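1. Could you work out the structure for the sequence below:
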Amino acid sequence: MNPSADPAPAFPRGLLADDALPLYAQVATRLWADLSAHGAQVGDRLPSERTLATRYAVSRVTLRAALTELSARGMVESAAARGWFVTRPAAVPNPADVETPDTAGKRTHAVEGFADYAAKHGLTTSSRVLHSTVRPATVSEAERLRIGPGAPLFEMRRLRSIDGQVVVVEHNRLPLSLCPALAETDFTTASLFATLRSADPPQLPRVAEYSVEARLPDATERELLEIDDATPVLLALQLAFNQDGRPLELTLAIYRGDRYRFQGTISS
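-> Just a heads-up that it's a prediction; the model follows:
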């Protein structure tokens with residue numbers, strides 16, 4: 001979860017400037033604009049992922065996330081061993097302005113990751129992986145994540161910083177079956193949500209149950225979060241669901257109380 005918890009749409013419909021979007025969303029918008037400029041038609045094949053990643057100066061993971069967003073909007077689709085193809089005439093406005101049945105007439109929000117939030121605000125993040133493993137899910141975890149007890153679960157603990165300042169200790173738990181690549185990914189540098197977006201099929205965090213409470217830190221938390229005074233911590237428990245409404249990520253985040261602000265929107 002991001003440090004301010006401001007709800008943000010996966011593809012803001014004209015509400016934010018392009019440079020305020022996560023990098024993958026910027027790439028998706030630029031790619032669709034380029035396709036439109038060249039008059040791409042339904043069935044046209046896109047250049048290879050390697051070529052596109054080079055063209056937009058991004059990693060293959062970011063490029064795949066951009067294509068995944070376009071695919072979710074019905075703009076492109078992939079064909080096994082053949083690449084990506086246009087599925088909607090590129091004369092249609094860019095994805096940020098296209099309404100779909102679930103977004104027409106309303107603002108759609110998505111769960112925003114720590115790295116996405118930082119990138120959107122021009123901040124630099126760093127992470128130290130404290131623990132990472134694959135283990136059987138407990139009965140309690142299985143109930144929350146709707147998987148069988150003992151099913152493979154990816155578990156990770158990270159200490160995360162923004163611009164060199166320690167902000168949060170995160171404890172993530174995810175069903176390995178939804179994204180097997182989790183077990184082989186180096187999350188010292190990789191983004192968890194970007195890795196989920198690049199899964200096959202993509203795993204897109206769309207909504208989350210979220211609760212926050214305050215308390216004093218224990219000895220371990222004081223050391224990790226570099227607390228040497230009376231600063232409290234905020235415990236944020238999040239259960240995120242993917243685009244199909246399936247539980248995707250169970251996370252307990254322990255924030256320094258002086259470096260975190262929760263802000264939400266209440267609507268009827």
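2. For the most centrally placed residue in the chain, which three-state class applies?
-> Nearest to the geometric centre of the chain sits Phe193, at 3.0 Å (Cα atoms, centre = their mean). Under DSSP: H, G, I helix; E, B strand; the rest coil, Phe193 falls in the helix class.
3. My read is that it contacts Tyr117, right?
-> No: look at Phe193 against Tyr117 with Cβ atoms under 8 Å: they stay out of range, at 10.1 Å. All C-beta spots, glycine's among them, are computed from the backbone N, C-alpha and C.
4. after the helix or strand Ser132 falls within, next one along is what?
-> Ser132 is located in strand 125-136, with elements delineated by DSSP states H and E. The helix or strand immediately downstream of strand 125-136 is helix 139-145, counting by DSSP H and E.
5. State the mean pLDDT of that following helix.
-> Mean per-residue pLDDT for helix 139-145: 93.
6. Report the distance from it to the chain centre.
-> 22 Å (Cα atoms, centre = their mean, to the nearest Å).
7. what's that helix packed up against?
-> For helix 139-145, the packing partners by 3 or more Cβ pairs under 8 Å, 6 or more residues apart in numbering; DSSP states H and E come out as strand 165-175, strand 247-256.
8. shaky segments in the stretch 51-200 of the chain?
-> Applying pLDDT under 70 to the stretch 51-200 of the chain flags residues 89-110.
9. Strands of that one, residue ranges please.
-> 76-79, 83-86, 125-136, 152-162, 165-175 (DSSP state E, counting those that start in this stretch).
10. which one of the ones you listed lies closest to Val58?
-> Nearest to Val58 among the strands of the stretch 51-200 of the chain is strand 83-86 (15.3 Å), distances taken as Cβ to Cβ.
11. buried ones in that closest one?
-> Within strand 83-86, the residues scored as buried using 16 or more other Cβ atoms under 10 Å are 84, 86.
12. now for it, which elements pack on it?
-> strand 76-79.
13. The strand it packs on pairs with which strands, parallel or anti?
-> For strand 76-79, the pairing partners within the sheet under DSSP bridges are strand 83-86 (antiparallel).
14. Now do the strand holding Ser132: everything it contacts.
-> With Cβ atoms under 8 Å, 6 or more residues apart in numbering as the test, strand 125-136 has contacts from 114-115, 118, 149-162, 164, 169, 176, 183, 186-189, 224.
15. Need the buried ones from these selected in ChimeraX.
-> ChimeraX command restricting these to the buried ones, with burial defined by 16+ other Cβ under 10 Å:
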select :114,115,118,152,153,154,155,156,157,158,159,160,161,162,169,176,187,224
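16. which residues pair with Thr133 across the strands?
-> Beta-bridge pairing for Thr133 (DSSP bridges): Glu155.
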